[in-house]
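Student: Below are the sequence and a predicted model for it; my questions follow.
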Amino acid sequence: MRSYDLSPLYRSTVGFDRLFSLLDQATNVENAPSYPPYNIERTAENAYRISIAVAGFGDADLSIESKENALTVRGEKKATDDADKREILHQGIAARAFERRFQLADYVQVTGASLENGLLHIDLVREIPETKKPRLIPIGGGAPKVIEAKKAA
């Protein structure tokens, strides 16, 4: 499979860093982890949700860490006492340990996480500081100022 170097485009574009990161990750398919499956959805203009399928994992088995522009989700099943007493005839639900990393765009913060019906939902919001938001510059209106030149004596 071909690999494309998109790094020159990072320097010549503004605001598309997330798009190019996704393209980089999509072209590098052989190294991409496929477990556990996940969805990324936009829930509002500046709000997002990552939903990860973690069937069989409980709250104590999962950890979420947000550091700088990276979000790391780890899952590891804790051994139970009655696991030795059971004999599994068919194991279709994967219970292997995993680590899933997501690159977050600038100013994206994790606002919460919940586990329901085998899905881990992580809510994100993009809060741009006031100093970084675009602002309108008023154009001076009215009559132009006339500067009179003095005659040379």
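Tutor: Received it, and whenever you're ready, just let me know what you need.

Student: Mind jotting down where the helices sit in this structure?
Tutor: Remark: helices assigned in the chain by DSSP state H are 7-12, 17-27.

Student: And for the nearest residue in space to Glu127 that is not next to it in sequence, the neighbour number?
Tutor: Excluding the flanking residues, the one nearest Glu127 by C-beta to C-beta, 6 or more residues apart in numbering is Tyr107, at 5.7 Å. Glycine gets a C-beta too; all of them are placed from N, C-alpha and C. Using other C-beta atoms under 10 Å, Tyr107 has 13 other residues around it.

Student: any idea how far Tyr107 is from His121?
Tutor: With distances taken as C-beta to C-beta, to the nearest Å, Tyr107 is found 21 Å from His121.

Student: For Val54, which non-adjacent residue is closest in space?
Tutor: Once flanking residues are discounted, Val54 sits nearest to Leu120: 4.9 Å by C-beta to C-beta, 6+ apart.

Student: Could you give the bridge partners of the one you found?
Tutor: Counting by DSSP bridges, Leu120 is bridged to Ile52, Leu115.

Student: how does the chain divide up, domain by domain?
Tutor: 1-32, 37-130 (automatic domain parsing).

Student: Mean pLDDT lowest where, among these?
Tutor: Across those, domain 1-32 has the smallest mean pLDDT, namely a mean of 56.

Student: Pairing partners for Leu62 in the sheet, please.
Tutor: Here Leu62 sits in beta bridges with Gly75, going by DSSP bridges.

Student: In contact with it: list those residues for me.
Tutor: Val54, Val73, Arg74, Gly75, Leu115, Leu120 (C-beta atoms under 8 Å, 6 or more residues apart in numbering).
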